[in-house]
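Asks: Mind folding the following:
(chains A and B)
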Amino acid sequence: NAGVTQTPKFQVLKTGQSMTLQCAQDMNHNSMYWYRQDPGMGLRLIYYSASEGTTDKGEVPNGYNVSRLNKREFSLRLESAAPSQTSVYFCASSEGREKLFFGSGTQLSVL
Amino acid sequence: DAKTTQPPSMDCAEGRAANLPCNHSTISGNEYVYWYRQIHSQGPQYIIHGLKNNETNEMASLIITEDRKSSTLILPHATLRDTAVYYCIVRPATLTSGTYKYIFGTGTRLKVLA
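Replies: The predicted model follows:
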């Protein structure tokens, strides 16, 4: 049982490049989340999704888009990466009132 | 939604109890208190949660004051592996867009000393 899987684990981009961070969960959870964590800081919510086909903005959505492709997958897209988006990105999932399960993160550097 | 306040850092001697406080003075009656921890740069890990009563599991104990305005996470016998950032979160009482919107603060960086 893999839980929450994120790919890639590491990525280096140049300013202006685009990329998609992938997240998949195998726990049949309805809710999924994307967070970012800057060095020495706490987690900030980017986007979240209550169910397939629904998404909503979190605390820091600017510069990102998301897709809830199906119940398992929730992707985060950077259309034009900026150095300010250098961060560690975490995907999480939950079911109802249950706790959050996190992936191991994607470390992104934008040069 | 209720906000939480935690000290930025704490030290604890190995083998002693680590008591991590959290203030949530604006918590409402049906909002739960959750604790997570993050070791190094791994994804946060759930520890425990509670509403009114004190709770205990294999990892920790959670003490919530009677007025629910604050809580304390207790690691009874801290080990070096408990060195981590600990986050106290208040889970909103109501759904937002169909789910709970979990907002993390900056947490408490606990260092367990040998």
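Asks: Assumed B:Ile63 was part of a strand.
Replies: Yes: assessed with DSSP: H, G, I helix; E, B strand; the rest coil, B:Ile63 lies in a strand.
Asks: Quick check: it vs A:Ala2, distance?
Replies: Going from B:Ile63 to A:Ala2 by Cβ to Cβ, to the nearest Å gives 35 Å. The C-beta positions use only the backbone N, C-alpha and C, and glycine is treated the same way.
Asks: So the two - more neighbours on which side?
Replies: Neighbour count, other Cβ atoms under 10 Å in any protein chain shown: between B:Ile63 and A:Ala2, B:Ile63 has more, with 16 against 9.
Asks: Now do the same for the residue found closest to B:Lys69 once you drop the neighbours it is linked to in the chain: its pLDDT.
Replies: Excluding its sequence neighbours, the residue lying closest to B:Lys69 (Cβ to Cβ, 6 or more residues apart in numbering or on different chains) is B:Ser25, at 4.4 Å. As predicted, B:Ser25 sits at a pLDDT of 90.
Asks: Contact partners for A:Ser94?
Replies: A:Ser94 sits next to A:His29, A:Ser31, A:Tyr33, A:Leu100, A:Phe101, B:Thr99, B:Tyr100, B:Tyr102 when contact means Cβ atoms under 8 Å, 6 or more residues apart in numbering or on different chains.
Asks: what do you get if the cut-off is 6 Å, keeping everything else the same?
Replies: A:Ser94 makes contacts with A:His29, A:Ser31, A:Leu100, as judged by Cβ atoms under 6 Å, 6 or more residues apart in numbering or on different chains.
Asks: which SS state does the residue nearest to B:Lys69 fall under?
Replies: coil.
Asks: Show me what A:Ser31 is bridged to.
Replies: A:Ser94 (DSSP bridges).
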